[in-house]
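[1] Coordinates only, no sequence provided:
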């Protein structure tokens, strides 16, 4: 008899490894329709892959949104079902997956309405005793993760305990079977998972987990091994809680320190003045600008004696006369003003008036030489050098007389 589930399982596994989740999930749902035609090993592997793939998509919001969008655009008879499952709450999603797994392993069709909680139904009691260990452990691990997602929701009022309920259903089925159940390896593995992961790490019931192991029907060496693993997990969880408490304490202490520093800085800083509200004018209202009062300067302030303010022209004349007087009158006392000049001979020769007088003298000398040389009668005797010398001396005497006049 050919195994019809094997090709579907291979295709779904390859798509899952490529992280191509849409073909993977659709191939799994397609294969479950013909689950009774496949072998038990292929069905076991297919159920484990279904738990793993659905959790990988559901646990990440971005991946779940992307897959839901792709499923919405895919024309397939199974796309609507998978899209609906991804929109369900974590607790309800696991309950549906659990019962579909139970009915698929029981080789019976699923009812239209599935139970709303994990319970030991007659079909589940028969299937749990012969359910493969890999399928049951995968279901418990997925239930733990979905419980964490459900309990992390702030709107969740009742804590989700699907993993604990699945384990307790299995132990109840074992107790009711009495001596007919012989698969002790499966019993040991589920007991170890239940005591350490579910009761201890997830629920924090370490004492109850230890007592449950001691009251079990396992051999003493196996019990001791589970108790040692339980104690190690308890110590690790305690250290983790202590580290988290220390980190929280240090973070709170640092926050209080920074807050006190900030308050101290705010106390030392001056309080800024409140801004003056400016009324907003209406469209028909005339905007009145505030009047700015100008403060008079020192020169413009009123004094006790009112003096007549000189006109700009008279003030300029007085300033010019003062400058001329200071230039002509040498003084040993320095004048503290914009026209101050050092009283030295060098400054006297470089002054403006000295330069003007020198230039005027040179011009007069040149004009006198020109006039005398052109208009005077040429002497009949004497040399030219003697004549030029005589003319220069006469010109100097005349210029000196003109200067003193």
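    Sure, I can see it. These figures come from a predicted structure and were not determined experimentally. Residues are numbered from 1 along each chain as shown.

[2] surely residue 365 meets residue 395?
    Yes. Between residue 365 and residue 395 there is a contact at 5.8 Å, judged by CB atoms under 8 Å. Using the backbone N, CA and C atoms, a C-beta is placed for each residue, glycine as well.

[3] And those two? Which one has more around it.
    The residue with more neighbours, out of residue 365 and residue 395, is residue 395; 19 against 16, by other CB atoms under 10 Å.

[4] Relative to residue 358, how far out is that one?
    Per CB to CB, to the nearest Å, residue 395 is found 16 Å from residue 358.

[5] now the strands for the stretch 101-250 of the chain?
    Ranges of strands in the stretch 101-250 of the chain, per DSSP state E, counting those that start in this stretch: none exist.

[6] Quick one: low-confidence residue ranges for it.
    The model of the stretch 101-250 of the chain has pLDDT under 70 over residues 154-156.

[7] residue ranges of the helices in it, please?
    122-130, 133-151, 162-177, 184-192, 206-214, 220-268 (DSSP state H, counting those that start in this stretch).

[8] Can you add mean neighbour count and give the ones you listed back as CSV?
    Below are the helices of the stretch 101-250 of the chain laid out as CSV (neighbours: other CB atoms under 10 Å):
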stretch, mean neighbour count
helix 122-130, 17
helix 133-151, 20
helix 162-177, 19
helix 184-192, 18
helix 206-214, 17
helix 220-268, 11
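
[9] residue nearest the centroid of the protein?
    Nearest to the geometric centre of the chain sits residue 255, at 19.3 Å (CA atoms, centre = their mean).

[10] Contact partners for it?
    Going by CB atoms under 8 Å, 6 or more residues apart in numbering, residue 255 touches no other residue.

[11] how close does it sit to residue 388?
    On the measure of CB to CB, residue 255 and residue 388 end up 108 Å apart.

[12] do the same with residue 143
    From residue 143 to residue 388 the distance is 136 Å (CB to CB).

[13] Over to residue 23?
    Distance of residue 23 to residue 388, computed by CB to CB: 127 Å.

[14] What of residue 246?
    117 Å.

[15] likewise residue 31?
    To residue 388, residue 31 is 138 Å away according to CB to CB.

[16] Those two: who's more crowded?
    residue 31 (24 against 12).

[17] The more buried one against residue 5, yeah?
    Yes. Residue 31 lies in contact with residue 5 (CB under 8 Å); the separation is 5.4 Å.

[18] any shared contact partners between those two?
    In contact with both residue 31 and residue 5: 38, 46, using CB under 8 Å, 6+ apart.

[19] in the stretch 251-400 of the chain, what spans have low per-residue confidence?
    In the stretch 251-400 of the chain, residues with pLDDT under 70: 269-316, 318-319, 321-355, 368, 370-385, 399-400.

[20] could you redo the last one with a cut-off of 50?
    By pLDDT under 50, the weakly predicted segments of the stretch 251-400 of the chain are 297-298, 300-312, 333-340, 380.

[21] and for the one helix or strand residue 22 maps to, what are the contacting residues?
    Residue 22 belongs to helix 21-32 when assigned by DSSP states H and E. Applying CB under 8 Å, 6+ apart, the external contacts of helix 21-32 come out as 4-5, 8-9, 11-13, 15-16, 38, 46, 49-50, 53-54, 56-57, 63, 67, 70-71, 74, 76, 78-79, 81-82, 100, 104.

[22] cool, and stretch 168-185?
    With CB under 8 Å, 6+ apart as the test, stretch 168-185 has contacts from 118-120, 124-125, 128-129, 133, 136, 187, 190-191, 194, 218.

[23] can you rerun that using 10 Å?
    Stretch 168-185 has contacts (CB atoms under 10 Å, 6 or more residues apart in numbering) with 98, 118-121, 124-131, 133, 136, 139-140, 161, 186-187, 189-191, 194, 198, 212, 216-219, 222.

[24] Return the distance of that stretch from the chain's centre.
    Averaging C-alpha positions (CA atoms, centre = their mean, to the nearest Å) puts stretch 168-185 56 Å from its chain's average.

[25] Equivalent analysis for stretch 21-30, please.
    The mean C-alpha position of stretch 21-30 is separated from the chain mean by 39 Å, CA atoms, centre = their mean.

[26] Might you report the residue contacts of residue 47?
    Residue 47 sits in contact with 28, 32, 35, 97, 100-101, 104-105, 131-132, 134-136, 138-139, where contact means CB under 10 Å, 6+ apart.
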